[in-house]
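Enquirer: take a look and give me a structure for this.
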Amino acid sequence: MIFRAIVLCASVLAGVATAAGAQEQPREQIEPDRPDVTNGTHIVDTGLLQVEIGGLYMHAGARQHALGTPVTARVGLFEWLEARVGTDGLLTQTDGSSSVSGIGNIQLGAKLRLWADPGGVPVLSILPAVNVPTASAAKGLGSGTADYTLALLTGTDIGRHAHVDVNYGIGRIGAGDSEPRFVQHLVSVSASDAISDNWNPYVEAFWFSRQEVDGVAVTAVDAGAIYELGARYALDGGVQIGVSRNAPPFAAFGGISIIVGDILGGHGVHARQRQAQKRAAARPRR
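Expert: Numbering: from 1, shown residues only. Next up, the predicted model:
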């Protein structure tokens, strides 16, 4: 049921993107932040809306599993800034004979480029975010309190095709109304290799200092691939394996990312490029 909803949403967005793509093509190839934990330094091109939709299955133990449908929308506001809003989507958790479902939390954030190389490629970015507690604490789908996080993002190319991204994050995580917030650290490393114009496989390792107020460190690795369908579409999929004892033993995920179009009208970079082209074409030739 969840994956059918994902396919339906992707089909609708694909139709919108096709119409938008007939009028304007983006300046760069699509670069989604999903599906791994690590975020790249790349900022969505000014004026473009990029939507990233996914499905997640997590096996936590015997007869224990969870499903999620994360969705993120990213908008390029300036060359150095993008705004984003995300949601965990519809969540389902099963523990033995009982099962609960409901909407997940909402994430609000922004990615800011702090430093770029001479070619304009971001080398260092930051990602502040707030996790809004819209998931039901009574059902155990969330804590009922907000989280505040800040991530430092960097990365570099290796050779002609490989790339490595590294993230460090720190957050004040809510543990419920009766519990104080606790500090959480995140370190993640993701390495990818563009083996063709379309295929981009990757491997990743990540570590959380803790995910509960009295918890211990969580370590996991995952691997997958992103397949680019032209400049505006990308499919992804992969699996995750828990390394530490308290990490979920197995998870599988997949999704689609779509550049919907230029939503800032005459204020986006593509609109300015069109206007410059029109002025150049209107100049009298000597």
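Enquirer: going forward, measure contacts and count neighbours with C-alpha atoms only.
Expert: Noted.
Enquirer: quick one: the strands in the stretch 151-286 of the chain, in order.
Expert: 162-173, 182-193, 199-208, 218-228, 233-242, 250-262 (DSSP state E, counting those that start in this stretch).
Enquirer: what helices or strands is the third one leaning on?
Expert: For strand 199-208, the helices and strands in contact under the criterion 3 or more C-alpha pairs under 8 Å, 6 or more residues apart in numbering; DSSP states H and E are strand 182-193, strand 218-228.
Enquirer: tell me which residues are up against that strand.
Expert: 36-38, 184-195, 217-228 (C-alpha atoms under 8 Å, 6 or more residues apart in numbering).
Enquirer: where are the low-confidence patches of the protein?
Expert: 1-28, 119-120, 263-286 (pLDDT under 70).
Enquirer: where do the helices sit along this structure?
Expert: 2-23, 269-282 (DSSP state H).
Enquirer: count the neighbours of the closest residue to residue 136 other than its chain neighbours for me.
Expert: Once flanking residues are discounted, residue 136 sits nearest to residue 142: 5.7 Å by C-alpha to C-alpha, 6 or more residues apart in numbering. Residues lying near residue 142 (other C-alpha atoms under 10 Å) number 19.
Enquirer: ok, now how distant is residue 142 from residue 191?
Expert: 31 Å (C-alpha to C-alpha, to the nearest Å).
Enquirer: ok, residue 241 next?
Expert: Taken as C-alpha to C-alpha, the span from residue 241 to residue 191 is 16 Å.
Enquirer: again, but for residue 132
Expert: Distance from residue 132 to residue 191, by C-alpha to C-alpha: 30 Å.
Enquirer: what do you get for residue 163?
Expert: Applying C-alpha to C-alpha to residue 163 and residue 191 gives a distance of 6 Å.
Enquirer: same thing with residue 215?
Expert: Taking C-alpha to C-alpha, one finds residue 215 at 28 Å from residue 191.
Enquirer: and these two? which has more neighbours close in?
Expert: Using other C-alpha under 10 Å as the criterion, residue 215 and residue 191 rank with residue 191 on top: 20 against 10.
Enquirer: now do the contacts for that one.
Expert: Counting by C-alpha under 8 Å, 6+ apart, residue 191 touches 162-165, 202-204.
Enquirer: which residue is the nearest non-sequential neighbour of it?
Expert: residue 164 is the one closest to residue 191 (C-alpha to C-alpha, 6+ apart), at 4.4 Å.
Enquirer: residue 59 too?
Expert: Residue 59 sits nearest to residue 65 (C-alpha to C-alpha, 6+ apart), 4.4 Å away.
Enquirer: could you check how far that neighbour is from residue 257?
Expert: 25 Å.
Enquirer: go on, residue 96?
Expert: 34 Å.
Enquirer: more neighbours: which of these two?
Expert: Set residue 96 next to residue 257 and count neighbours by other C-alpha under 10 Å: residue 257 wins out with 30 against 11.
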